[in-house]
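Visitor: For reference, the sequence and a predicted model appear below.
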Amino acid sequence: MPAAGPLFFVSLVIGFFLMWPVGWLFGQMGWPMFHGWGLAHGAFVIAWPALSLLALAVLLAFVRRFAARDGRGGRENADRQT
């Protein structure tokens with residue numbers, strides 16, 4: 001299992017770039033708070049951490065799935081990992 005540091009950084013970048021589709025969607029739907037203007041004027045403080053945590057959860061799920069498929073992950077192999 002790789003270190004969480006690089007995954008955390010990647011999730012921050014993905015969370016940042018996910019704000020554009022969220023802003024577009026909220027703008028098209030006419031929903032308040034996370035539309036483009038709202039994100040540009042302070043709502044990114046709420047959206048960026050939430051989207052980054054979502055991205056981190058998805059990345060960890062993929063990493064665990066691929067590590068288990070390669071035989072390096074899972075609880076059964078925990079004693080063999082260094």
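Guide: Perfect, thanks for sending it.
Visitor: From residue 39, how far off is residue 28?
Guide: Using Cβ to Cβ, to the nearest Å, we find residue 28 at a distance of 14 Å from residue 39. The C-beta positions use only the backbone N, C-alpha and C, and glycine is treated the same way.
Visitor: Counting neighbours, go ahead and name the busier of these two.
Guide: Neighbour count, other Cβ atoms under 10 Å: between residue 28 and residue 39, residue 39 has more, with 22 against 9.
Visitor: pLDDT value on residue 59, please?
Guide: pLDDT for residue 59: 92.
Visitor: I figured it hits residue 12, correct?
Guide: No. Judged on Cβ atoms under 8 Å, residue 59 makes no contact with residue 12 at a distance of 11.0 Å.
Visitor: Name the helix or strand for the most centrally placed residue in the chain, please.
Guide: Residue closest to the average C-alpha location in the chain (Cα atoms, centre = their mean): residue 55, at 1.2 Å. Per DSSP states H and E: residue 55 is located in helix 44-69.
Visitor: For that helix, name the packing helices and strands.
Guide: With contacts defined as 3 or more Cβ pairs under 8 Å, 6 or more residues apart in numbering; DSSP states H and E, helix 44-69 has these neighbours: helix 4-29.
Visitor: Give me the mean pLDDT for the helix it packs on.
Guide: Average pLDDT, helix 4-29: 91.
Visitor: now that helix against helix 44-69, angle please.
Guide: Here helix 4-29 runs at an angle of 130 degrees relative to helix 44-69 (axes from the mean of the first three to the mean of the last three Cα atoms, to 10 degrees).
Visitor: In contact with residue 36, which residues?
Guide: Residues counted as contacts of residue 36 (Cβ atoms under 8 Å, 6 or more residues apart in numbering) are 23, 24, 26, 27.
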